[in-house]
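1. no sequence on hand, only this structure:
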């Protein structure tokens, strides 16, 4: 079995024709469990959760149209899961919970893209990496991984070590392993799965998420996994999944978690 649960329509339109380009690619790559998880910040309904000038300039969808698209797909016998990728926002647990509970999502991804006012994965903010203390940024990032897990609002944590995207990585390995350890301990005590994401291979860091040492800690603490491509265009659906599967197996994994209407089921990895 293969999953691809982290995908975006934002470069196109919320139309059945565009969605079908993604699902056709998933079918061609023998991905049995496929989902769309658009960024929640694109929707007008999340303005009370995350709001800043960068985000607000990119808020242009209505959830009614998003949900309607999935119903059109299901009516056309297209097998696609309905999800959302939420920017985990400290101090907004009640607002996030209220938003999530309004919709019949198959699963919900929680991701961290902001450490305070710092958009860590955005090209527009890249120069900030040389102005800020690297260790403070990493500590702040993993602080949020912990509270994301403790919130128990999310089924999957997206690209667990996204903070490495531009190759800014602490040289002190003991510090890094400490962050990994405390994050995985929190995740192990939650319902949150970890995705192996091939998106990192297409980013400056040039490697899978998460780091092999971090994935091994996930396995040792019995944290379930899913596979994801984080495709923002149809051609990237299922990209480099041969590497992702080998990577999962090298850490010891033999199974994946699947989702349907919030219910989870473990299936063999293959």
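-> Alright, I've got the coordinates. Everything numeric in this text was worked out from a predicted model, so none of it was measured.
2. rest of the way, CA atoms for contacts and neighbours
-> Will do.
3. the residue nearest to residue 239 when sequence neighbours are not counted: how many residues sit nearby?
-> Nearest residue to residue 239, sequence neighbours excluded (C-alpha to C-alpha, 6 or more residues apart in numbering): residue 229, at 6.0 Å. Counted with other C-alpha atoms under 10 Å, residues neighbouring residue 229 total 27.
4. what do you get for residue 76?
-> Neighbours around residue 76, by other C-alpha under 10 Å: 10.
5. distance of it from residue 5?
-> With distances taken as C-alpha to C-alpha, to the nearest Å, residue 76 is found 20 Å from residue 5.
6. just residue 39 next, same as before
-> According to C-alpha to C-alpha, residue 39 and residue 5 sit 13 Å apart.
7. which of these two has more neighbours?
-> When residue 39 is set against residue 5 and neighbours are counted by other C-alpha under 10 Å, the residue ahead is residue 5, at 33 against 21.
8. ok, the residue most central in space within the chain - contacts?
-> Nearest to the mean C-alpha position of the chain, by C-alpha atoms, centre = their mean, lies residue 158 at 2.4 Å. For residue 158, the contacting residues are 6, 85, 109-112, 194-195, 197, by C-alpha atoms under 8 Å, 6 or more residues apart in numbering.
9. pretty sure residue 183 sits against residue 145.
-> Yes - taking contacts as C-alpha atoms under 8 Å, residue 183 lies within contact range of residue 145: 6.0 Å.
10. now the residue nearest to residue 239: phi and psi?
-> Dihedral angles of residue 229 (phi, psi; degrees, to the nearest 10) stand at phi -110, psi -20.
11. just the pLDDT at it, thanks.
-> Residue 229 is assigned 98 on the pLDDT scale.
12. next: residue 116.
-> 95.
13. number the chain from 748, please
-> Sure thing, new numbering starts at 748, so read that last one as residue 863.
14. any idea how many residues pack against it?
-> Residue 863 - counted by other C-alpha under 10 Å - has 12 other residues nearby.
15. what do you get for residue 919?
-> Counted with other C-alpha under 10 Å, residue 919 comes out at 9.
16. where does residue 884 land in three-state SS?
-> What DSSP: H, G, I helix; E, B strand; the rest coil gives for residue 884 is helix.
17. could you do the one 5 residues further on as well?
-> For residue 889, the secondary structure call by three-state DSSP comes out as helix.
18. what sits against it?
-> 926-927, 930.
19. counting neighbours, which of these comes out on top?
-> Neighbour max across those (other C-alpha under 10 Å) = residue 930, 24 neighbours.
20. my read is that residue is in a helix, agree?
-> Yes - according to three-state DSSP, residue 930 belongs to a helix.
21. how much space between the closest residue in space to it that isn't next to it in sequence and residue 859?
-> The shortest distance from residue 930 to any non-neighbouring residue, by C-alpha to C-alpha, 6+ apart, is to residue 893 (5.3 Å). Here the distance between residue 893 and residue 859 works out to 11 Å (C-alpha to C-alpha).
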